[in-house]
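Colleague: What shape does this take:
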Amino acid sequence: MSKLFVKNMVCDRCIMVVQDQLEKLGIETKSVKLGEVVTAQELKLEKRQQLEASLEALGFHLIDNKKSRIIEQVKNVIIDLVHYQNNEAKINLSDILSQHLDLDYNYLSNLFSEVEGVTIEKYFIAQKIEKVKELLVYDELSLSEIAYRLNYSSVAYLSNQFKKVTGLTPSHFKQIKEDKRKPLDKV
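Modeller: Take a look at the predicted model:
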C-alpha cells in the first residue's frame, strides 16, 4: 500500500481524471480523494515514474516534500469546506484544520504563510469569494441566501469583503456577467 499526495486536485472531475490515469496504468487503488491516492500495493519505481509523467501531462504533480504535502492538505480541506460542504460547519477554520490534519494551527498558519506568501485566512476568503462569484453567475440564490450559505454574518459583510477582493460590488459583478472567475488551483 502507498499513500501518494497529488497537487492541483481541486474538484470531483480531478478525482475522476486521476482515477482514469491510475486505471490506464493498471494501478489498483483503495481510495482516491482530493489531493490523496491510496494504492492497494506499494508502487515500484518504474510504475511511479509512469504515473508521475501521465499526471504531469494533465497538470497534476506528485508531492514528495512533507511541507508541500501539508500545504496541499490545508488547501484541499478549505476547498472541500467552501465548495462542496456549503461551509455548513459552525466551528472555526483553525479548529477544522487542526482536527483534520492533527497538527497545531499555529504551525499550519506559519508554514502556509511561509510557503504560499499569503495567510490561511486570506486563502480561505479568496475561496469563499470564488464561490460567491459562482453562485452569482448561476443566479439561483439571492445575496442573502449566498451570505447565509457561506456563513457570512450579514449581506453587508459579504458585500464589503467581495468589493475589497474583486473591486466590484456583488450586484455590479452580477450585472456585467463577465467571467471573472478563476480556476480553483489559481486562487
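Colleague: And the protein, what are its domain boundaries?
Modeller: Listed by automatic domain parsing, the domain ranges of the chain are 2-63, 65-187.
Colleague: I'd like these as a markdown table, with mean neighbour count and mean pLDDT appended.
Modeller: All C-beta atoms are positioned from the backbone trio N, CA, C, and that covers glycine. Output for the domains of the chain, formatted as a markdown table (neighbours: other CB atoms under 10 Å; pLDDT from 0 to 100):
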| stretch | mean neighbour count | mean pLDDT |
| --- | --- | --- |
| domain 2-63 | 16 | 89 |
| domain 65-187 | 16 | 86 |
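Colleague: any idea whether the closest residue to residue 170 other than its chain neighbours is helix, strand or coil?
Modeller: Among residues not flanking residue 170 along the chain, residue 162 sits closest, at 5.1 Å (CB to CB, 6 or more residues apart in numbering). In three-state terms, and counting by DSSP: H, G, I helix; E, B strand; the rest coil, residue 162 is helix.
Colleague: Quick check: which element contains the residue nearest to residue 24 when sequence neighbours are not counted?
Modeller: Spatial nearest neighbour of residue 24, excluding adjacent residues (CB to CB, 6+ apart): residue 54 at 7.3 Å. Using DSSP states H and E, residue 54 falls within helix 45-56.
Colleague: what helices or strands is the longest helix seen in the chain leaning on?
Modeller: Secondary structure of the chain per DSSP state H: the longest helix is helix 120-138. Applying 3 or more CB pairs under 8 Å, 6 or more residues apart in numbering; DSSP states H and E, we find helix 120-138 packed against helix 66-79, helix 93-101, helix 105-116, helix 143-149, helix 155-166, helix 170-176.
Colleague: Show the contacting residues for the spatially most central residue of the chain.
Modeller: Nearest to the geometric centre of the chain sits residue 79, at 2.9 Å (CA atoms, centre = their mean). Going by CB atoms under 8 Å, 6 or more residues apart in numbering, residue 79 touches 10-11, 34, 127, 184.
Colleague: From those, which land in helices?
Modeller: Members of the contacts of residue 79 lying in helices (criterion: DSSP H): residue 127.
Colleague: can you list contacts of stretch 16-32?
Modeller: With contact meaning CB under 8 Å, 6+ apart, stretch 16-32 is reached by 1, 6, 9, 15, 37-41, 43, 47, 50-51, 54-55, 58, 60.
Colleague: now with 10 Å?
Modeller: 1-4, 6, 8-9, 11, 14-15, 33-41, 43, 47-48, 50-51, 53-55, 57-60 (CB atoms under 10 Å, 6 or more residues apart in numbering).
Colleague: With that, I have no additional questions.
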